[in-house]
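Chemist: Got a predicted structure plus its sequence, pasted below:
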Amino acid sequence: MSEISVSVVVPVYNCDQFIENCIQSVISQTLTNFEIIILDDCSTDETLSRIPRDPRIRILAMKEKKGSGILRNEGIKLAKGKY
């Protein structure tokens, strides 16, 4: 894989009915050198099991609830992309 240009940070909580569309929207773009960082805030539904396995997707499941703002900041710290 070439150098990562774009990092997409996605904090999630109980969004099993939307997560697949969200990820597919990113994957279907013409840009291919991206990463998706999914930070799960202790979901109690099927969110994690609906995330497709793809080497461009990193999943971090929190052990305690933190809130979307904190998760977004943590995702930015983990991002490897230029943008």
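Modeler: Great, that's in hand. Numbers count the residues shown, from 1 in each chain.
Chemist: where's residue 50 relative to residue 66, distance?
Modeler: Per C-beta to C-beta, to the nearest Å, residue 50 is found 21 Å from residue 66. To be clear about C-beta, it is placed using only N, CA and C from the backbone, and glycine gets the same treatment.
Chemist: and the lengthiest helix in the chain, which residues are buried?
Modeler: Assignment by DSSP state H gives helix 68-78 as the longest helix of the chain. For helix 68-78, the neighbour count (16 or more other C-beta atoms under 10 Å) marks 71, 74, 75 as buried.
Chemist: from these, which is closest to residue 57?
Modeler: residue 75 (12.4 Å; C-beta to C-beta).
Chemist: list the contacts for that closest one?
Modeler: Shown in contact with residue 75 (C-beta atoms under 8 Å, 6 or more residues apart in numbering): 7, 9, 10, 11, 37, 39, 60.
Chemist: Hmm, residue 33 is touching residue 8, no?
Modeler: No. Using C-beta atoms under 8 Å, residue 33 is not in contact with residue 8, being 12.0 Å away.
Chemist: Name the helix or strand for residue 23, please.
Modeler: For residue 23, the element it lies in under DSSP states H and E is helix 19-27.
Chemist: do the same with residue 59
Modeler: Applying DSSP H and E, one finds residue 59 within strand 57-61.
Chemist: Show the pLDDT at residue 44.
Modeler: Looking at residue 44, its pLDDT stands at 97.
Chemist: which one of the buried residues of helix 68-78 is nearest residue 15?
Modeler: The closest of the buried residues of helix 68-78 to residue 15 turns out to be residue 71 (C-beta to C-beta; 12.7 Å).
Chemist: Sweet, I'm off.
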